[in-house]
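Enquirer: below are the sequence and a predicted model for it; my questions follow.
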There are 2 protein chains.
Amino acid sequence: MIPEELLIRYGAHNKLYRKNEFIFQQEQRAHFYYQIVSGEVKMNNYRENGKEFIQSFFAAGQSFGEPPLFSDITYPANALATEDSEILCLKKERFIELLLENPKIHLEVTTAIASRLYYKAIMASEISSQEPEHCILRILDYLKEDVYKLTEPFSFRVDLTRQQIADLTGLRVETIIRATKSLEKKNEIKIKKRKIYR
Amino acid sequence: MIPEELLIRYGAHNKLYRKNEFIFQQEQRAHFYYQIVSGEVKMNNYRENGKEFIQSFFAAGQSFGEPPLFSDITYPANALATEDSEILCLKKERFIELLLENPKIHLEVTTAIASRLYYKAIMASEISSQEPEHCILRILDYLKEDVYKLTEPFSFRVDLTRQQIADLTGLRVETIIRATKSLEKKNEIKIKKRKIYR
DNA sequence: TGTTCATTATGATTCAAATCATAAAAAAGG
DNA sequence: CCTTTTTTATGATTTGAATCATAATGAACA
């Protein structure tokens, strides 16, 4: 999102994270701005009962973990590579400098953070709703419309496992499986070869 | 948060909203940056079953409703005055200009948005946890430590009704009442004259 | 000061998602 | 190719928060 050459000019270095390696962990202090060059990153929490809650996934070109760079707070969740990933790391102080000296880029960063806040606001309301089917549809529509910009019915092939949808919504796999079947009956989604289409 | 005189220099105007009056509603497009001069604002969603979900409260000095100013998205929730409120409104285009021309102020705006994302991330995980007591403690601790910067045990007097805590967590009043009583027994909170202290 | 309304309180019952158990189907790995 | 692991599937049971009902208490207000 921030041009790589600009990041490097401010002193960013490239780091390789292996699949399942943590980039940072919950409660830690933040020292770097992270931007994915290649690979994929997952932000999550592990709850007492061992259940996982996925805050979100991040793909190549996206940054993550900015909020604690601006205030005196620690990471609210873990970040780990879900596949081998190349990540540009820029020291917090230099990142702030970069923002102050590049207003247009700063605006893009703000836009990215704002967009994640938007997603969280939507999901907070849905997760609290105790209506699994509605909650699933909402996350699918968010991905379809806001992330992948698709409009055609059933043009969005969902590349998430039932388990991942469960961890994103705070529900259980069995509930997702049953709810998606019910949604298929209601013609809200299609399921072909176990893949969900919305 | 943005100095009032600066906002006014960029063309902001003062508007009075009566108690319970909407400032904007879910699904609407965003045209203004809003900053509270006096009063209080609530962001919420109304769900099918009539249940309310409170995204958050905003007090004097705080801004709200920025995310849709940066992208082509609509408001994910409603905003309404919970008491008569004076609010500075600045046209979207002029707001962006202000940010681009005032890097330090821009950074403060980014910081505010990032801090709200932090709160949402925490709450998303908690709400999904299906553990009412834990969820209540987390929101109280967030308010106590991150908002009011208190450290002494039971020094935080919670000024939320049980119903408001319910609407902030997606739980029901009765559940909050029972959970808080249980938390009092466990010495996690104190209740004096029906007020919760943490 | 008495009346109305909002808030807190508590017990009984319902209900839907979690949990448990088990298995089939598909994908990954050697 | 066979073996192992992951993912999807489905039925039976449990459980805890929601719901329903009802009341006491406190705050607001005329």
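Expert: That came through fine.
Enquirer: in chain A, what residue lies closest to DNA strand C?
Expert: Closest approach between chain A and DNA strand C, counting by CB to the nearest atom of the strand: residue A:175, at 3.1 Å. No exception for glycine: its C-beta is placed from N, CA and C like everyone else's.
Enquirer: is the helix or strand hosting that residue anywhere near DNA strand D?
Expert: When elements are assigned from DSSP states H and E, residue A:175 belongs to helix A:173-185. Yes: applying CB under 7 Å from any atom of the strand, one finds helix A:173-185 touching DNA strand D at A:173, A:174, A:177, A:178, A:180, A:181.
Enquirer: show me what contacts the first one?
Expert: If I follow you right, that is residue A:173. Applying CB atoms under 8 Å, 6 or more residues apart in numbering or on different chains to residue A:173 gives the contacts A:162, A:163, A:166.
Enquirer: give the buried residues for the helix or strand containing residue A:96.
Expert: Residue A:96 is located in helix A:92-101, with elements delineated by DSSP H and E. Neighbour-count burial for helix A:92-101, counted by 16 or more other CB atoms under 10 Å in any protein chain shown, picks out A:92, A:94, A:95, A:96, A:98, A:99.
Enquirer: same check on stretch A:67-83?
Expert: Buried residues in stretch A:67-83 (16+ other CB under 10 Å): A:67, A:68, A:69, A:70, A:73, A:75, A:76, A:77, A:78, A:79, A:80, A:81.
Enquirer: skipping its backbone neighbours, what lies nearest the last one in space?
Expert: Yep, that's residue A:81 we're talking about. Using CB to CB, 6 or more residues apart in numbering or on different chains and skipping the chain neighbours, the partner closest in space to residue A:81 is residue A:17 (4.1 Å).
Enquirer: what are the phi and psi angles of the one you found?
Expert: Dihedral pair for residue A:17: phi -110, psi 130, per degrees, to the nearest 10.
Enquirer: neighbours of it, how many?
Expert: Other residues near residue A:17 number 21, with proximity taken as other CB atoms under 10 Å in any protein chain shown.
Enquirer: bridging residues for it?
Expert: Note on residue A:17: beta-bridge partners by DSSP bridges are residue A:85.
Enquirer: tell me the contacts of it?
Expert: Applying CB under 8 Å, 6+ apart to residue A:17 gives the contacts A:23, A:39, A:80, A:81, A:84, A:85, A:86, A:87.
Enquirer: how about a cut-off of 6 Å?
Expert: Residue A:17 makes contacts with A:23, A:81, A:85, A:87, as judged by CB atoms under 6 Å, 6 or more residues apart in numbering or on different chains.
Enquirer: ok so, going back, could you list the paired strands of the helix or strand following the helix holding residue A:175 along with their orientation?
Expert: Scanning forward in sequence from helix A:173-185 by DSSP H and E, the next helix or strand is strand A:190-192. Strand A:190-192 pairs in its sheet with strand A:195-197 (antiparallel), by DSSP bridges.
Enquirer: ok, now how distant is the residue nearest to residue A:81 from residue A:85?
Expert: From residue A:17 across to residue A:85, the span is 5 Å (CB to CB, to the nearest Å).
Enquirer: next up, phi/psi of the residue nearest to residue A:146 when sequence neighbours are not counted, please.
Expert: The shortest distance from residue A:146 to any non-neighbouring residue, by CB to CB, 6+ apart, is to residue B:73 (6.7 Å). Backbone torsions of residue B:73, given as degrees, to the nearest 10, read phi -130, psi 160.
Enquirer: neighbouring contacts of stretch A:73-88?
Expert: Contact with stretch A:73-88 is made by A:7, A:12, A:14-19, A:21-29, A:34-45, A:55, A:65, A:68, B:118, B:121-122, as judged by CB under 6 Å, 6+ apart.
Enquirer: where does residue A:129 sit: helix, strand or coil?
Expert: coil (DSSP: H, G, I helix; E, B strand; the rest coil).
Enquirer: wait, isn't it in contact with residue B:47?
Expert: Yes: in this structure, residue A:129 is within contact of residue B:47 by CB atoms under 6 Å, at 5.5 Å.
Enquirer: can you pull out the strands in chain A?
Expert: For chain A, applying DSSP state E gives strands covering A:13-17, A:22-24, A:32-38, A:40-46, A:52-59, A:63-64, A:78-81, A:85-91, A:157-158, A:190-192, A:195-197.
Enquirer: re the thing from before, now, which of the residues of helix A:173-185 next to DNA strand D sits nearest residue A:110?
Expert: Using CB to CB, residue A:180 comes nearest to residue A:110 of these, at 35.8 Å.
Enquirer: neighbours of the closest one, how many?
Expert: Residues within reach of residue A:180, counting by other CB under 10 Å, total 23.
Enquirer: distance of the closest residue to it other than its chain neighbours relative to residue A:169?
Expert: Spatially, and ignoring its direct neighbours in sequence, residue A:180 is nearest to residue A:196 (6.1 Å; CB to CB, 6+ apart). Separation of residue A:196 from residue A:169 (CB to CB) stands at 13 Å.
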